[in-house]
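J.: quick one, structure for this:
(one chain, ligands or ions: 1)
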Amino acid sequence: MRTSTFEILRCPYCGSRLDLVTSSFHQLQGDEIQHGILGCQCCVFPVVDGIPVMHLQPAATKARELVERGETVNARRVMFGLDEADAAVGERVDTVIASDGATYRTIVEAFGEYIEGGYFLYRFADPTFVVGHAVTRAVAGTVLKHGGRAIDICGGSGHLTRSLMDLSAAAPVLADLYFAKIWLARRFTAPGCEPVCCDGNSPMPFARGAFRYAMCSDAFMYIWTKRQFVQDMLRVIDNGDNGRESAAVISHTHNQCTWTPSHGQPLTPDGYRNLFETIEPRILGESALFADVVNGGPLDLSRDVPSKALDAEPALTIIATRHPGVFVPHALEPPPNRAQGEFRVNPLYVESGASAASVVFRLQFPSDDYEQEYGACRQYLPEEIAIPREVLSALAAGRVPGDLADLVRRRVIVDLPRRYDAPVAGIT
Ligand SMILES: [Zn+2]
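T.: Numbering: from 1, shown residues only. Next comes the predicted model:
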């Protein structure tokens, strides 16, 4: 944890600033707190592997005792959810982490059933992500244009945090209760982000106005204390600007009026609207935003969707801001010609044939469940596609062939994090 993050951290319960307890065990690396104990006016919290743990669930208390004794590897293991009973898994995970060739995939595999790793390989091209990314780039890109910091709340393994890396003035904060996921995010998915382990059902451990952009994507329907969450989201972006320079975004939250897989406890569109109290949010149906993206833009945030139409939407995007530049049509960014990580053939494709000039790929879903939840990707992913061999060998060599733009735009080629361990397709 860097100083810039320490400065905005507050106790979720008493609201006071934290101090590093220098009389307890601690390890610093440059200006970063690697391990140690943070004290406020009411309690103490551990920093484990550079990640402040700002809640008091049993694992946090146990990890704090271990850090006090200088047992930092065991503290990490406890925060990973691996107790004495899971010692063999703990050994396996620690060994993989310490190895040179460690990747996102090898670590997730070492966790086995202890982490929900399932569809991570496909995340960067699934329809929920595609809309979330476009909304993030449009709204965060607008309100952070002249500086300010971003936070991704309940951001899991940091897939959308990665979309904020170049927009946030200080490193974006990734907040989530699942320590293993945010640990993986900082190392692989969004290197350089600042993870904070905290509970979405408790007050957020940040100072008022610490951020200019706050978002929660694909998670809000699982939050029980929704009213507190929204009021707190507005508090952490309250810079005294009355919302003219900041924005709160809840994207992909389910709708009580319709059924969806992984439903959670969603509210109705009006129920969501009522949570905001001090600012009138705009609620958009994700089907129209998805169509905007598939059609190449613009992403039209100027829509005023009648409540009857919203009732029929399986997923909603809620934007609260008074910034004049947000509720307008936003041109989509051109597909990147340089990878943030590395370009790979979308792992949803398997080789199905070949000629001298090209390799043929066929779309294949990892499971029926995946197809049911994310089958809408068929609208941009062709059932079958031939990719020229020179494109594939250039990708394998880490070069970017000239005519890649359209393949990247359609997510046939995806920009995945380095050491994510996606297969290199089509090279034999
Ligand atoms: Zn406190």
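J.: C-alpha only now, for contacts and for neighbours.
T.: Noted.
J.: tell me, what residue is most central in the chain?
T.: Nearest to the mean C-alpha position of the chain, by CA atoms, centre = their mean, lies Gly158 at 3.2 Å.
J.: who does the nearest residue to Arg389 once chain neighbours are set aside form a beta bridge with?
T.: Spatial nearest neighbour of Arg389, excluding adjacent residues (CA to CA, 6 or more residues apart in numbering): Ser358 at 4.7 Å. Beta bridges link Ser358 to Pro388, judged by DSSP bridges.
J.: just checking, Ser358 touches Ile387?
T.: Yes. Counting by CA atoms under 8 Å, Ser358 does reach Ile387; the two are 5.3 Å apart.
J.: list residues touching both of those two?
T.: With CA atoms under 8 Å, 6 or more residues apart in numbering applied, the contact sets of Ser358 and Ile387 do not overlap.
J.: which helix or strand contains the closest residue to the ion within the stretch 301-428 of the chain?
T.: Residue nearest to the ion within the stretch 301-428 of the chain: Ala320 (29.3 Å; CA to the ion). Here Ala320 sits within strand 315-321, counting by DSSP states H and E.
J.: can you tell me what sits against the next helix or strand after that strand?
T.: Downstream of strand 315-321, the first helix or strand assigned by DSSP H and E is strand 329-330. Here strand 329-330 makes contact (CA under 8 Å, 6+ apart) with 138, 297-302.
J.: dump these to JSON lines, plus pLDDT.
T.: Formatted as JSON lines, those follow (pLDDT from 0 to 100):
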{"residue": "Ala138", "pLDDT": "98"}
{"residue": "Gly297", "pLDDT": "93"}
{"residue": "Pro298", "pLDDT": "98"}
{"residue": "Leu299", "pLDDT": "98"}
{"residue": "Asp300", "pLDDT": "98"}
{"residue": "Leu301", "pLDDT": "98"}
{"residue": "Ser302", "pLDDT": "97"}
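J.: and which of those is nearest to Val89?
T.: Closest approach to Val89 among the contacts of strand 329-330 (CA to CA): Ala138, at 41.6 Å.
J.: please give me every residue in contact with that closest one.
T.: Shown in contact with Ala138 (CA under 8 Å, 6+ apart): 299, 326, 330, 332.
J.: sorry, back to before: the residue of the stretch 301-428 of the chain closest to the ion: neighbour count?
T.: Residues near Ala320, counting by other CA atoms under 10 Å, number 21.
J.: is it bridged to anything, and to what?
T.: So, taking DSSP bridges as the rule, Ala320 has Ala248 as bridge partners.
J.: most neighbours out of the contacts of Ala138, which is it?
T.: Going by other CA under 10 Å, Leu299 tops those with 24 neighbours.
J.: so that one versus the ion, what's the distance?
T.: Going from Leu299 to the ion by CA to the ion, to the nearest Å gives 42 Å.
J.: in stretch 140-159, what's buried?
T.: 140-144, 148-159 (16 or more other CA atoms under 10 Å).
J.: so the residue nearest to the centre of the chain makes contact with Pro172?
T.: No. Gly158 lies out of contact with Pro172 (CA under 8 Å); the separation is 10.2 Å.
J.: shared neighbours of those two, anything?
T.: In contact with both Gly158 and Pro172: Asp152, using CA under 8 Å, 6+ apart.
J.: if we can go back for a sec, filter the contacts of strand 329-330 down to the buried ones.
T.: 138, 297-301.
J.: just the ones of these in helices?
T.: Among these, the ones falling in helices (DSSP state H) are Ala138.
J.: please name the nearest non-neighbouring residue to the closest residue to the ion within the stretch 51-200 of the chain.
T.: Among the residues of the stretch 51-200 of the chain, Met54 lies closest to the ion, at 9.8 Å counting by CA to the ion. Nearest residue to Met54, sequence neighbours excluded (CA to CA, 6+ apart): Cys198, at 5.1 Å.
J.: ok, now Phe290?
T.: Distance criterion CA to CA, 6+ apart; nearest residue to Phe290, sequence neighbours excluded, is Val131 at 5.7 Å.
J.: just the angle between whichever strand or helix holds the one you found and strand 315-321, please?
T.: Val131 belongs to helix 127-143 when assigned by DSSP H and E. Inter-element angle recorded for helix 127-143 and strand 315-321: 10 degrees (by axes from the mean of the first three to the mean of the last three CA atoms, to 10 degrees).
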